[in-house]
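> for reference, the sequence and a predicted model appear below.
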Amino acid sequence: MYLLEKYGQEAKFKRVLEGLSLERYLIYPVDLALVKDCVLLPKSLEMHDRLIVATAKIFKAPLITKDKEITGFYKKVIW
C-alpha cells in the first residue's frame with residue numbers, strides 16, 4: 001500500500017486486496033506475539049524487515065532474500 005501510494009497508484013492496491021482474498025494466502029496479523037518477537041531483533045533492521053523476520057520465526061519458515069542484514073540475523077534464508 002505504501003509503495004503504491006508513494007508512486008500515485010493507489011487504485012492498484014484495491015486489486016491487490018481482491019487478489020489476496022481469491023488466492024490461498026495466510027495473512028498473519030500484527031499481534032502481541034509478533035510485536036514481542038520484533039522487540040528482540042536488532043534495531044539496525046528496518047521496521048518492515050523486523051516484522052518479516054519475526055513472522056518467519058513464528059512459522060519456522062525460510063525467507064527468500066538476498067538482504068545481507070537479514071541473513072546475518074536469520075539463518076533460514078534461501079538465495
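Yes, it's here.

> identify the residue spatially nearest to the residue nearest the centre of the chain, adjacent ones excluded.
Note on the chain: the residue nearest the mean C-alpha position is Ile52, at 3.2 Å, using CA atoms, centre = their mean. Spatially, and ignoring its direct neighbours in sequence, Ile52 is nearest to Leu63 (6.8 Å; CB to CB, 6 or more residues apart in numbering). Where you see a C-beta, it was placed from the backbone N, CA and C, and this is true even at glycine.

> who is the one you found paired with across the strands?
Per DSSP bridges, the residues bridged to Leu63 are Val77.

> now it: how far from Glu10?
Leu63 is 28 Å from Glu10, where distance means CB to CB, to the nearest Å.

> do Val39 as well
According to CB to CB, Val39 and Glu10 sit 32 Å apart.

> quick one: name whatever helix or strand follows the helix or strand where Lys14 lies.
In this structure, Lys14 sits in helix 10-22 according to DSSP states H and E. Per DSSP H and E, the first helix or strand lying C-terminal to helix 10-22 is helix 32-40.

> what about that next one, distance to the chain center?
Distance, stretch centre to chain centre, for helix 32-40: 13 Å (CA atoms, centre = their mean, to the nearest Å).

> go on, stretch 72-79?
14 Å.

> would you mark the buried spots in it?
For stretch 72-79, a neighbour-count test (16 or more other CB atoms under 10 Å) marks 74, 77 as buried.

> give me the contacts around that stretch.
Contact partners of stretch 72-79, identified using CB atoms under 8 Å, 6 or more residues apart in numbering, comprise 41-42, 45, 53, 56-57, 60-66, 70-71.

> select only the buried ones of these in ChimeraX?
With 16+ other CB under 10 Å as the criterion, this ChimeraX line picks the buried residues out of those:
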select :41,45,53,56,57,63,65,70
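
> measure Ser21 to Ile27 for me?
For Ser21 relative to Ile27 (CB to CB), the value is 9 Å.

> ugh, typo on my part, it should be Glu18
Taking CB to CB as the measure, Glu18 falls 13 Å from Ile27.

> check contacts around Asp37.
Contacts for Asp37 (CB under 8 Å, 6+ apart) come out as 54, 57-58.
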